[in-house]
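Colleague: Give me coordinates for this.
(one chain, ligands or ions: 1)
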Amino acid sequence: MTTPLTSYRAQRLTGDVRIPGDKSVSHRALMLAAMAVGETRIHGLLEAEDVVATADAMAALGASVARDGSGAWRIGGCGVGGLREPDQVLDMGNSGTGARLLMGILATHPFTSFMTGDASLCKRPMRRVTDPLEGFGATFRTRSQGRLPLAILGTGDALPVDFRSPVASAQVKSAVLLAGLNAPGITRVTEEKPTRDHTELMLRHFGAQVSVEETPGGGRTICLHGQPELSACEIVVPGDVSSAAFPLVAAVITEGSSVTIRNVGLNPLRDGLLKTLREMGARIGISNRRTDAGEPVGDLDVAASELVGVDVPPERAPSMIDEYPILAVAAACAQGTTRLHGLAELRIKESDRLGGMADGLAACGVNAEIDGDSLIIRGDGSPPVGGATIPVDMDHRIAMAFLVMGMAAKDRIGVDDASPIATSFPEFIDLMNGLGARVSHEKEPQ
Ligand code: S3P
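Modeller: Modelled structure (predicted):
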């Protein structure tokens, strides 16, 4: 069922909010806990559709999965290599991370499993993981062009792999490392551009031996010693910086705003948006810095700011890969030209985000064009015109980005379907309206 939703211009946003758990960390916590010995307690787990799909999959594979209360989960693990053949097809919903990481785990378990997802996930490329995973001895039977639904014929006799990733993708890196867990010897992954390292940090947190070497040219080689005993532990999931990005930009672009966003993960491999917004002139302070389960965390104090256009280099893309839709909204409100480079990967996210943003911005009266893998946005420092309804094409971040733009635009901005927001940030509408936004199913609210 589709749920159209409209965002009307807000007066100003004020308040103090807490951001739900990080999606990347939540998936990994559930997966590693299911392969540990003993009972892991997770606090602050993101309870959104993508993560629930992973929790269901780990239960179907034999882990015991129990929810004690909001964000508090207990997972009884089966040990490395101890998962069992699932009775049913594993449905990973909308989640590329859930699907690709789990394919890694299942590649080195000696049984056959079947995986599917929603219409968006079934369009996305999977060869980027099936190719390296076949190096362990697994076999995949996929639909044309390597797409889901697919069958995973796992191996019980895995060989470790030495893999150089041709794409800057934490999902690809993580799929190979997770397959390496049940292979004897050392699995190595080299990435030319460092991507988010939640898998490496969490593997260590569970007791695996993981070493990381810098390679000439700024890359990294990650070495994992296979077949460790993972020990159950306690995990506090930090708030998701990719979700915080929406109230953050909303406060920056909505006149008179002043918002505190608490419990935000500040992993340096995820901080590209904060860096870029500050370069654009955004007033963002960070306080109360601390570390939870190996991840840096802090609170953000944000005030409405006058922004200027900047050039964002392609090297920064891995550290803000999910934040381009909302950054494009900030750029549309800035004075001058913003050039976002190196966006090829955006074409194969939950939707074609490069095309979707360019079209949506143009529909809202913003001067935006695609040039190769770059998105160029020209603003004059005044609020975008708005007055359009944007097709979100099953993409939660496109939906949230345009609803945020509606908070500052002259005229309303609608989305044709807000239901995908539940895949990552079910609290989004209430949280934003609590700050003073006017996001509504109704005609203009008072
Ligand atoms: C993720 C990695 C990124 C990101 C996704 C989450 C992860 O994908 O877009 O939302 O948790 O590893 P890629 O690694 O494929 O760029």
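
Colleague: Can you spell out which helices and strands pack onto the helix or strand encompassing Leu102?
Modeller: According to DSSP states H and E, Leu102 maps onto helix 96-107. For helix 96-107, the packing partners by 3 or more Cβ pairs under 8 Å, 6 or more residues apart in numbering; DSSP states H and E come out as helix 23-34, helix 49-60, strand 112-116, helix 127-134, strand 147-153, helix 170-180. For every residue, glycine as well, the C-beta is placed using N, CA and C.

Colleague: Name the next helix or strand downstream of the last one, please.
Modeller: To tie it back to what came earlier, the one meant is helix 170-180. Following helix 170-180 in sequence, per DSSP H and E, is strand 186-191.

Colleague: can you list the residues that contact that next one?
Modeller: If you take Cβ atoms under 8 Å, 6 or more residues apart in numbering as the criterion, strand 186-191 is touched by 160-165, 168, 173, 176-177, 179-180, 215, 219-226.

Colleague: hey, where'd the strands end up in the stretch 151-300 of the chain?
Modeller: For the stretch 151-300 of the chain, the strands defined by DSSP state E, counting those that start in this stretch cover 162-165, 186-191, 210-215, 219-225, 234-236, 258-265, 283-292, 295-303.

Colleague: quick check: domain ranges of the chain?
Modeller: As given by automatic domain parsing, the domain ranges for the chain are 5-21+239-440, 23-236.

Colleague: pLDDT below threshold where in this protein?
Modeller: By pLDDT under 70, the low-scoring segments of the chain are 445-446.

Colleague: if you set the cut-off to 90 instead, what comes out?
Modeller: 1, 217, 292-295, 442-446 (pLDDT under 90).

Colleague: Can you name the residues of it sitting close to the ligand?
Modeller: 24, 97, 169-171, 174, 195-196, 321-322, 345 (Cβ under 6 Å from any ligand atom).

Colleague: a markdown table for the strands of the stretch 151-300 of the chain, including mean neighbour count?
Modeller: Shown next, in a markdown table, are those (neighbours: other Cβ atoms under 10 Å):
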| stretch | mean neighbour count |
| --- | --- |
| strand 162-165 | 17 |
| strand 186-191 | 21 |
| strand 210-215 | 13 |
| strand 219-225 | 19 |
| strand 234-236 | 19 |
| strand 258-265 | 22 |
| strand 283-292 | 13 |
| strand 295-303 | 20 |
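
Colleague: what's the first-to-last distance across stretch 309-318?
Modeller: 20 Å (Cα to Cα, to the nearest Å).

Colleague: Please tell me how far the nearest residue to Glu315 once chain neighbours are set aside sits from Leu273.
Modeller: Excluding the flanking residues, the one nearest Glu315 by Cβ to Cβ, 6 or more residues apart in numbering is Lys193, at 6.6 Å. For Lys193, the distance to Leu273 equals 17 Å [Cβ to Cβ, to the nearest Å].

Colleague: what's the answer for Leu5, then?
Modeller: For Leu5, the distance to Leu273 equals 23 Å [Cβ to Cβ].

Colleague: re earlier: compare the helices and strands packed on helix 96-107 and give me the one nearest Asp380.
Modeller: Counting by Cβ to Cβ, Asp380 lies closest to helix 23-34 out of these; the figure is 35.1 Å.

Colleague: right, and the strands of the stretch 151-300 of the chain - which one's nearest Glu369?
Modeller: Once those are compared by Cβ to Cβ, strand 283-292 is nearest, at 28.3 Å.

Colleague: Please name every helix or strand in contact with that closest one.
Modeller: Using 3+ Cβ pairs under 8 Å, 6+ apart, strand 283-292 is in contact with helix 241-253, helix 272-279, strand 295-303.

Colleague: at 6 Å what do you get?
Modeller: If you count contacts as 3 or more Cβ pairs under 6 Å, 6 or more residues apart in numbering; DSSP states H and E, strand 283-292 packs onto strand 295-303.

Colleague: Sheet-wise, list the partners of the strand it packs on with their directions.
Modeller: Strand 295-303 pairs in its sheet with strand 258-265 (antiparallel), strand 283-292 (antiparallel), by DSSP bridges.

Colleague: possible to save these as a markdown table with distance to Leu61?
Modeller: Shown next, in a markdown table, are those (distance: least, Cβ to Cβ, whole Å):
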| stretch | distance to Leu61 |
| --- | --- |
| strand 258-265 | 27 |
| strand 283-292 | 27 |
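
Colleague: Nearest to Gly414, out of the ones you listed?
Modeller: strand 258-265 (23.7 Å).

Colleague: How about residues contacting the closest one?
Modeller: 13-14, 16-19, 22, 238-239, 241, 244, 247, 251, 295, 297, 299-303, 435 (Cβ atoms under 6 Å, 6 or more residues apart in numbering).

Colleague: Run the chain-centre distance for that strand.
Modeller: Averaging C-alpha positions (Cα atoms, centre = their mean, to the nearest Å) puts strand 258-265 18 Å from its chain's average.

Colleague: Check stretch 439-446 too.
Modeller: 29 Å.

Colleague: residues of that stretch that come out buried?
Modeller: Val439 (16 or more other Cβ atoms under 10 Å).

Colleague: Need the residues that contact that stretch.
Modeller: 6-8, 403, 429, 432-433, 438.

Colleague: from these, which single one is nearest the ligand?
Modeller: The ligand has its nearest neighbour among the contacts of stretch 439-446 in Leu403, at 19.0 Å by Cβ to the nearest ligand atom.

Colleague: buried residues in stretch 136-155?
Modeller: 136-138, 140, 142, 146-150, 152, 154-155.

Colleague: Neighbour-wise, give me the winner out of the residues of the chain next to the ligand.
Modeller: Ser174 (30 neighbours; other Cβ atoms under 10 Å).

Colleague: That residue: what's it in contact with?
Modeller: Ser174 makes contact with 101, 199, according to Cβ under 6 Å, 6+ apart.

Colleague: The nearest residue to Ala317 once chain neighbours are set aside: neighbouring residues, count only.
Modeller: Counting by Cβ to Cβ, 6+ apart, the nearest residue to Ala317 once its immediate chain neighbours are dropped is Gly342, at 4.5 Å. For Gly342, the count of nearby residues is 20 (other Cβ under 10 Å).

Colleague: any idea how far Gly342 lies from the ligand?
Modeller: Gly342 is 12 Å from the ligand, where distance means Cβ to the nearest ligand atom, to the nearest Å.

Colleague: doesn't Arg316 make contact with that residue?
Modeller: No: the criterion here is Cβ atoms under 6 Å, and Gly342 misses it with Arg316 at 7.8 Å.

Colleague: My reading is that Asp141 is in a strand; is that accurate?
Modeller: Slight slip there: residue 141 is Arg, not Asp. Yes: with DSSP: H, G, I helix; E, B strand; the rest coil as the criterion, Arg141 is part of a strand.

Colleague: Bridge partners for it, pull those for me.
Modeller: Bridge pairing for Arg141 - DSSP bridges - gives Ala151.
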